[in-house]
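S.K.: 3D model of this:
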Amino acid sequence: MAGAINDLVLRWAPIVTYGFYSLVIGLSACFQGGMALYYFTRRKHIERFNRSTPEWIRRLFVEMRA
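M.R.: Modelled structure (predicted):
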């Protein structure tokens, strides 16, 4: 019985390990790519904010380092 379990562990351990790390890599690429796309699309909103905000408020943000 112990030999059968040991054989199963030896057979499935690399598959599970590679599968888990592949999943981590794939999800990381999707989430990071999604965040990059999200921030890329925010540019027009930031530009509109900068155009519509008075100069003294923008200067306040700069001085506060916000």
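S.K.: can you give me the helices for this structure?
M.R.: Secondary structure of the chain (DSSP state H): helices located at 2-41, 43-52, 55-64.
S.K.: Hey, what's the angle from the longest one to helix 43-52? Just curious.
M.R.: Meaning helix 2-41. With axes from the mean of the first three to the mean of the last three Cα atoms, to 10 degrees defining the directions, helix 2-41 sits at 40 degrees from helix 43-52.
S.K.: Kindly reformat the helices of the chain as CSV containing mean neighbour count.
M.R.: Placement of C-beta: from N, CA and C, glycine included. Below are those laid out as CSV (neighbours: other Cβ atoms under 10 Å):
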stretch, mean neighbour count
helix 2-41, 10
helix 43-52, 9
helix 55-64, 9
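S.K.: possible to save these as JSON lines with mean pLDDT?
M.R.: Below are the helices of the chain laid out as JSON lines (pLDDT from 0 to 100):
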{"stretch": "helix 2-41", "mean pLDDT": "94"}
{"stretch": "helix 43-52", "mean pLDDT": "90"}
{"stretch": "helix 55-64", "mean pLDDT": "91"}
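S.K.: quick one: contacts of stretch 47-63?
M.R.: Taking contacts as Cβ atoms under 8 Å, 6 or more residues apart in numbering, no residue outside stretch 47-63 touches it.
S.K.: That's all I had, so thanks and see you.
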